[in-house]
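**Student:** Coordinates for the following, if possible.
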Amino acid sequence: MSGATTIASGGGLTDRYAAALYAHADEQHTLDTVVSEMEALGRLIDASPDFQRLLGSPLIDVHQATRAALAVLEQEGFSKPVRDFVGVVTANRRLRNLREIVAAFAHLVAERRGIVTAHVASAHPLSDVQRQQLRARLIEAGYGNVNIHESVEPDLLGGLVVRIGARLYDTSLKSRLQRLQYAMKGAA
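**Tutor:** Below is the predicted model of the structure:
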């Protein structure tokens, strides 16, 4: 019964597909190519509403979906291993999970290569100097190989919120004002 729950939630399913692709690419000595193409596939999915509709539509026949997805990948210049992988995903009726599989693959690659992802939210886009300073501070904190994923959240007002795994470093002006407000309520 727990296997059905895992498949329904997607986590175990996407991890198994990602691990299979990683093992196959490593065995075929095409890992670096597959890694870069899977990153490109993630960007393609994110940038194309039409491709997203293809992935999410339950109304499209599996054979039509396979032909359409493979035609797009071939047109975009993806290699045979990635096209074959997407073909397997589609044949197994998991095309709607492709974006999650791409994300699981990226996570697995980062884990195997010792790369830590820092999710950084700031009120304004970071400058190159700020990005370099942040990377230096993270290295000082013991995070040797860091991939920074940035987002802009204007409601932070200023400062940064950095999330690395389960750790959260919040130096935003918004949270400082909230802490001050709580302290003032406690003093009243």
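
**Student:** got the contact list for residue 125?
**Tutor:** 150, 152 (CB atoms under 8 Å, 6 or more residues apart in numbering). Using the backbone N, CA and C atoms, a C-beta is placed for each residue, glycine as well.

**Student:** Repeat that for residue 14.
**Tutor:** 97, 100-101, 103-104.

**Student:** From the residues you listed, which land in helices?
**Tutor:** 100-101, 103-104 (DSSP state H).

**Student:** and the nearest residue to residue 105 once chain neighbours are set aside, how many residues sit next to it?
**Tutor:** Sequence neighbours aside, residue 18 is the residue nearest to residue 105 in space, at 4.0 Å (criterion: CB to CB, 6 or more residues apart in numbering). A count of neighbours around residue 18, defined by other CB atoms under 10 Å, yields 21.

**Student:** Remind me which helix or strand residue 18 belongs to.
**Tutor:** helix 11-27 (DSSP states H and E).

**Student:** Show me what the following helix or strand past that helix is packed up against.
**Tutor:** Proceeding N to C from helix 11-27, the next assigned helix or strand is helix 31-47, under DSSP H and E. With contacts taken as 3 or more CB pairs under 8 Å, 6 or more residues apart in numbering; DSSP states H and E, helix 31-47 sits against helix 11-27, helix 49-56, helix 80-91, helix 98-112.

**Student:** Can you name the two of the contacts of residue 14 that sit furthest apart?
**Tutor:** The span of these, defined through CB to CB, is set by 97 and 103 at 10.1 Å.

**Student:** These two: which is more packed in?
**Tutor:** residue 97 (18 against 15).

**Student:** Good, wrapping up.
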